[in-house]
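Enquirer: Just the structure for this:
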Amino acid sequence: MKPVRMHYPWPSLLGAILVVGWQWLLLNPTALSSDLAAPLLARADYLWMALLLLLLAVIFDMRLFFRTRTRYRDQLAQYQDQIAELFDSKRHLGTRARTYSDHADKLKMFISERLLEYIEYDEKFLHFKNIASEVRHNGVISYDKAQTALRLAQLNCADGEERQFSEAGDALLYLWDLLDLATTDNIALHVTNRIYDCEEHYFQAQLKQAGDASAAPFQPTFRMSQAIRRALLPITEDANALGLNGDWPGYGVYADDKFKILLRADCDLLGNVNHMVLLIENLINNALYYSQQKMNRQRHNRVALSLTHRAGEAVCKVYNRGPRIKDDERDKIYQLGFSSRRIREHHGKGLGLYFVHEIARGFEASIAFANIENRAQVISLSIKLSNGEVLSQQIGIVEIDGKPLCQLPDSSGQVSNRHEWSYPAPIASIEVSPEKASKPQLISNLAIGEDSSHLDASEPLRAHWQLDIKNRQRSSKLVFLPLDVRGVEFVLRIPTASSRLDNQD
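Expert: Sure thing, here's the model as predicted:
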């Protein structure tokens, strides 16, 4: 900005000097060299003209002064604004610099923490691997002695004790196989090599069986249901409720306070059963952890496990209530050391799903998951009362913020957590017809004076609704309750032994 020019009051100063000099000459006439100049200087009209010119010069200088002062003030205000803007800019730059510095410090702390975690994890993993290798190396003799003693005890035990010694021998062999996995450099390759050995003996056994020759030197296959049974036994509280102590498998649905199990088929798989037990154990433990969190607990939706057979594959599904897996975690959950529990402020080691993925690779199986959400549907109810009257009701399940709620067709958008109907007579039977079900569900043999609860039978492992019936002598109540099924389901597909043989043909 160009500075304002300063104007000195020369006209006023010169005029004042001239007037003062004029008056001095009038007071000192001897100073004049000419006698003619004295009368001229003494004329009054000349004096008034000089004073007028002096006044005009003063006015001009004052006007010029005030204009210059105004311009100075405006320029000073502009300078002050520029200085304030400069200080604000410096203050803003300082704030941004401190913010970026804080972000950089946090980023450095985050990177250093992650590096320390990974270094610590690698050290622990290598330490564990070295310990497992040393234990396995030094424990060979002890392992052989323990196995020999268990076999002798099993041969000489009393009736009814064989199972106890057999399970102890299986547990010892399971421990040995875990040490094998802990010391191997590549879990998937280790499992695959075992499967290839079993595959060779399995094919040879099939050929020898056709030629009436001797059997294979060891059993190359195992039943998938037995792997599930062995994985469930250590963690279930009521083995009888799940049928684990009976003839396994008994096809059907089993349930206790923690689990629902659906067995629809069984099949033979090639490989080491202990590897499959470890895989299923980790899936079940992962499901149990999330389903037992306080916010995810629900009386009817437990950890669900199903076994089916489809297109030459054993299909095992494990479902649990709990938080869904985020999109940015889909490719990370199977990585060694990654744990979503750490992200959610819990403590996880990041080993469970890593073992699942690596063992599944070894079995040439596929492991995938799906986030389970609630679904909207309309359900029709046909209620038959004990007096012969038949009533029809219709209710919808709507999803609001992920939570299932009830809504009647004529409720004008009103929703509720549950809905209740009252009737003037006891209920004899109810026919429930969900809109997407292949056939209706019949609830009959309802006793008068008793209360009962009935779950959605269209999906035995994930009930979407519950009906509570309260029968009295002369009246009844029917309560419809939608159930929250949000969670995660892992799906494991494993080629069966027979499908491998067919593929070889």
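Enquirer: Pull the contacting residues for Thr169.
Expert: If you look again at residue 169, you'll see it is Gly, not Thr. Gln147, Leu150, Arg151, Gln154 (CB atoms under 8 Å, 6 or more residues apart in numbering). To be clear about C-beta, it is placed using only N, CA and C from the backbone, and glycine gets the same treatment.
Enquirer: my bad, should have said Phe165
Expert: Leu150, Ala153, Gln154, Cys157.
Enquirer: ok, Cys339 to Gly352 distance?
Expert: One thing to correct before we go on: residue 339 is Ser, not Cys. The spacing between Ser339 and Gly352, counted by CB to CB, to the nearest Å, is 8 Å.
Enquirer: Could you check which of the two is surrounded by more residues?
Expert: With neighbours defined as other CB atoms under 10 Å, Ser339 and Gly352 compare such that Gly352 has more, 22 against 19.
Enquirer: Now do the longest helix seen in the chain: distance to the chain's middle.
Expert: Using DSSP state H, we find that the single longest helix of the chain is helix 44-138. Computed by CA atoms, centre = their mean, to the nearest Å, the chain-centroid distance of helix 44-138 equals 41 Å.
Enquirer: Following the helix or strand that contains Leu391 in sequence, what is the next regular element?
Expert: Leu391 belongs to strand 390-400 when assigned by DSSP states H and E. Heading C-terminal from strand 390-400, the first helix or strand you meet, by DSSP H and E, is strand 403-407.
Enquirer: buried set for that next one?
Expert: Within strand 403-407, the residues that qualify as buried are Pro404, Leu405, Cys406, Gln407, counting by 16 or more other CB atoms under 10 Å.
Enquirer: which residues in this structure form helices?
Expert: Per DSSP H, the chain carries helices over the ranges 10-27, 37-42, 44-138, 140-156, 162-183, 187-210, 224-232, 273-291, 340-343, 352-362, 497-504.
Enquirer: quick one, the fifth one and helix 224-232 angle?
Expert: This points to helix 162-183. 80 degrees (axes from the mean of the first three to the mean of the last three CA atoms, to 10 degrees).
Enquirer: From the chain's centroid, how far away is helix 162-183?
Expert: 35 Å.
Enquirer: Turn the helices of the chain into JSON lines, including distance to Arg462 and mean pLDDT.
Expert: Conversion of the helices of the chain to JSON lines gives the following (distance: least, CB to CB, whole Å; pLDDT from 0 to 100):
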{"stretch": "helix 10-27", "distance to Arg462": "102", "mean pLDDT": "79"}
{"stretch": "helix 37-42", "distance to Arg462": "124", "mean pLDDT": "64"}
{"stretch": "helix 44-138", "distance to Arg462": "36", "mean pLDDT": "81"}
{"stretch": "helix 140-156", "distance to Arg462": "41", "mean pLDDT": "83"}
{"stretch": "helix 162-183", "distance to Arg462": "31", "mean pLDDT": "83"}
{"stretch": "helix 187-210", "distance to Arg462": "31", "mean pLDDT": "84"}
{"stretch": "helix 224-232", "distance to Arg462": "19", "mean pLDDT": "92"}
{"stretch": "helix 273-291", "distance to Arg462": "12", "mean pLDDT": "92"}
{"stretch": "helix 340-343", "distance to Arg462": "22", "mean pLDDT": "55"}
{"stretch": "helix 352-362", "distance to Arg462": "21", "mean pLDDT": "92"}
{"stretch": "helix 497-504", "distance to Arg462": "28", "mean pLDDT": "79"}
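Enquirer: quick one on the thing from earlier: may I ask which two of the contacts of Gly169 are separated the most?
Expert: Gln147 and Gln154 (10.5 Å; CB to CB).
Enquirer: Which parts of this structure belong to which domain?
Expert: 1-135, 222-373+488-504, 377-485 (automatic domain parsing).
Enquirer: Tell me which of those domains lies nearest to Phe203.
Expert: Here domain 222-373+488-504 is closest among the domains of the chain (CB to CB), at 6.7 Å.
Enquirer: how far out from the middle of the chain is that closest one?
Expert: 19 Å.
Enquirer: Show me what counts as buried in stretch 446-463.
Expert: Leu446, His454, Leu455, Asp456, Ala457, Ser458, Leu461, Arg462, Ala463.
Enquirer: One more: stretch 489-497?
Expert: Those would be Glu489, Phe490, Leu492, Arg493, Ile494, Pro495, Thr496, Ala497, for stretch 489-497 by 16+ other CB under 10 Å.
Enquirer: residues touching the third one, list them.
Expert: I take that to be Leu492. Here Leu492 is in contact with Leu279, Leu283, Val315, Cys316, Lys317, Val318, Ala360, Ala365, Ser366, Ile367 (CB under 8 Å, 6+ apart).
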